[in-house]
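Undergrad: Got a predicted structure plus its sequence, pasted below:
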Amino acid sequence: MELTSLSLTNFRSFRALELTLDRGLTVLAGENAQGKSNLLEAVYLLAIGKSQRAAVERELVSWETAEAGGYAIVAATVRRAVDSVELRLGLDCGGGRTNTVIKRIRVNGVPKRASDLVGVLSAVLFSASDIDLAYGAPQGRRRYLDVLLSQTTRRYVHGLQRYLRVLGQRNAVLRAMRDGRAGEDELAAWDPGLCEEGAAVLAARHEAMQRLAPLAVEAFERLSGTGPALAVDYVATVGPHEAGAAPTPEAFAAALERSRRRERAAGMTLVGPHRDDIRLALDGVEAAKHASRGQARLVALALRLAEARLLDERRGDPPVILLDDILSELDERRRGLVLEEALGYPQVLLTTAETALVPPSGLAAARLLRVVDGQVLEEVTA
């Protein structure tokens, strides 16, 4: 899978950009705050349907355009194993200063929902903020797994959406019960749907983890050499279950029953995939609490490398690899290892403020573009 073109209009720092892209490695070089990361953000936006950085979608529209109630467009042509597809995502600020943005998506010119865009383009983004996969809250690790699974099958996207809708309704009832405005019968009405949809989400997660965990362990071994051993486990709030198998709807219902008193007091659902975590341990010690910054960085890289491998295996079409200024965080040996792994995929887009950090073996065959003040001004032969 590869991008052959990328078009941006009023997207962040880019007022207008038409860029053709090649197979192999493309290095996007430039000083900080010139727009390099914005380019990768635009590509990833087309892959997963939302920004991994913006708190609200209005932030994706250039400031002047948003203030004037204008629009931004991100468009691309994607060559896949079996076809080519045209993607277009528009963000319309609607003429006001509110955060409301109307998102309009087209695939080959046909209007689509955001959930139907996810996975049309398959991409894996490596960024400096990935260290939060090791150090951060469980929410980030759940999102990592959800994004991965959403790119492998649209069924997971829709199933997760259904689960979250039922969860929202059930939580509203629990809050009303806490305040004396609802009864037990109203809560019971939502339990079957939550159990059914939740069990399906858990089944997909558990099945993926059986392959993802060993891939991450292997990648960490390659990166760390003689360092500590990594263990990756899915920690579920619903159980019991045998030999890593996903909980059934019946097990989910039993877990809800056991937690019902605590849920009424808390006003929220306390068990289910929205409360689960991925446990990361180095030599049996929890990485979030005890890993050094360097170790945490390698754990995060291992998870991303495993994500790319699993996407490739499940889709039969390698993802586009996006490396956003990660080389500065690594020593020379590991820069070479990461780039060697990345170049096993047909297309790699890499941003850097220092081209000297790119291993010579990679730079020699790369296409080098320079990004200055929201423009790709020149192409330089490496």
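TA: Yes, it's here.
Undergrad: For the rest of this, base every contact and every neighbour count on C-alpha atoms.
TA: OK.
Undergrad: most centrally placed residue in the protein?
TA: Geometric centre of the chain, nearest residue: residue 147, 4.5 Å, by Cα atoms, centre = their mean.
Undergrad: quick one: contacts for that residue?
TA: residue 48 (Cα atoms under 8 Å, 6 or more residues apart in numbering).
Undergrad: Kindly report the same for residue 263.
TA: By Cα under 8 Å, 6+ apart, the neighbours of residue 263 are 174, 269-270.
Undergrad: One more: residue 193?
TA: By Cα under 8 Å, 6+ apart, the contact set of residue 193 is 163, 166.
Undergrad: And it, how far from residue 336?
TA: 49 Å (Cα to Cα, to the nearest Å).
Undergrad: what are the ranges of the strands in the stretch 51-200 of the chain?
TA: Using DSSP state E, counting those that start in this stretch, the strands of the stretch 51-200 of the chain run over residues 71-79, 84-92, 102-107, 110-112, 123-127.
Undergrad: Of the ones you listed, which is nearest residue 170?
TA: Minimum separation from residue 170 across the strands of the stretch 51-200 of the chain (Cα to Cα) falls at strand 102-107, 27.9 Å.
Undergrad: Show me what that closest one pairs with in its sheet, parallel or antiparallel.
TA: Paired with strand 102-107 in the same sheet, following DSSP bridges, are strand 84-92 (antiparallel), strand 110-112 (antiparallel).
Undergrad: what comes into contact with the shortest one?
TA: The one in question is strand 110-112. Contact partners of strand 110-112, identified using Cα under 8 Å, 6+ apart, comprise 104-106.
Undergrad: of those residues, buried ones?
TA: 105-106 (16 or more other Cα atoms under 10 Å).
Undergrad: What segments of this protein are helices?
TA: 36-48, 63-67, 114-117, 132-135, 138-152, 154-178, 184-188, 191-224, 249-266, 287-290, 293-315, 332-342, 360-363 (DSSP state H).
Undergrad: Now distance to residue 56 and mean pLDDT too, for the strands of the stretch 51-200 of the chain, in CSV please.
TA: Shown next, in CSV, are the strands of the stretch 51-200 of the chain (distance: least, Cα to Cα, whole Å; pLDDT from 0 to 100):
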stretch, distance to residue 56, mean pLDDT
strand 71-79, 14, 97
strand 84-92, 11, 97
strand 102-107, 12, 95
strand 110-112, 21, 96
strand 123-127, 20, 97
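Undergrad: mind checking which of those strands is nearest residue 25?
TA: strand 123-127 (14.5 Å).
Undergrad: Can you check which of the strands paired with strand 102-107 gets nearest to residue 299?
TA: Shortest distance between residue 299 and those, using Cα to Cα, is found for strand 84-92: 32.9 Å.
Undergrad: now that closest one against helix 36-48, angle please.
TA: 110 degrees (axes from the mean of the first three to the mean of the last three Cα atoms, to 10 degrees).
Undergrad: Just the buried positions in strand 84-92, please.
TA: 85-92.
Undergrad: what does stretch 127-139 give?
TA: Neighbour counts over stretch 127-139 (16+ other Cα under 10 Å) mark 127-128, 130-135, 138 as buried.
Undergrad: which one of those residues sits closest to residue 163?
TA: For these, the residue nearest residue 163 by Cα to Cα is residue 138; the value is 18.2 Å.
Undergrad: so the closest one sits right up against residue 278, yeah?
TA: Yes. Counting by Cα atoms under 8 Å, residue 278 is a contact partner of residue 138 at 7.2 Å.
Undergrad: show me what contacts the residue lying closest to residue 41 once chain neighbours are set aside?
TA: Closest residue in space to residue 41, ignoring its immediate chain neighbours: residue 51 at 6.7 Å, by Cα to Cα, 6 or more residues apart in numbering. By Cα under 8 Å, 6+ apart, residue 51 lies in contact with 41-42, 44-45, 57.
Undergrad: got it, and residue 237?
TA: Applying Cα under 8 Å, 6+ apart to residue 237 gives the contacts 271-273, 275-276.
Undergrad: Ramachandran angles for the residue nearest to it when sequence neighbours are not counted?
TA: With Cα to Cα, 6+ apart as the measure, residue 271 is the residue that lies nearest to residue 237, at 5.2 Å, once sequence neighbours are left out. Per-residue torsions, residue 271: phi -130, psi 150 (degrees, to the nearest 10).
Undergrad: what about residue 364, how many residues close to it?
TA: 13 (other Cα atoms under 10 Å).
Undergrad: Check what pLDDT it gets.
TA: On pLDDT, residue 364 comes in at 87.
Undergrad: What's the separation between it and residue 334?
TA: Distance of residue 364 to residue 334, given as Cα to Cα: 18 Å.
Undergrad: what do you get for residue 202?
TA: Per Cα to Cα, residue 202 is found 34 Å from residue 334.
Undergrad: who's more crowded, the two?
TA: For residue 202 versus residue 334, the count of surrounding residues by other Cα under 10 Å is larger for residue 202: 22 against 16.
Undergrad: what about the residue lying closest to that one once chain neighbours are set aside, how many neighbours?
TA: Sequence neighbours aside, residue 246 is the residue nearest to residue 202 in space, at 5.8 Å (criterion: Cα to Cα, 6+ apart). By other Cα under 10 Å, the residues close to residue 246 number 22.
Undergrad: OK, contacts around residue 246?
TA: Residue 246 sits next to 199, 202-203, 206-207 when contact means Cα under 8 Å, 6+ apart.
Undergrad: Residue 25 too?
TA: Applying Cα under 8 Å, 6+ apart to residue 25 gives the contacts 343, 347-350, 362, 365-367.
Undergrad: so of these, which ones are in strands?
TA: In strands, defined here by DSSP state E, the members of the contacts of residue 25 are 347-350, 367.
Undergrad: that older thread, by neighbours, which of the contacts of residue 51 wins?
TA: residue 42 (25 neighbours).
Undergrad: how far away is the residue nearest to that one when sequence neighbours are not counted from residue 48?
TA: Among residues not flanking residue 42 along the chain, residue 74 sits closest, at 6.6 Å (Cα to Cα, 6+ apart). Residue 74 is 13 Å from residue 48, where distance means Cα to Cα.
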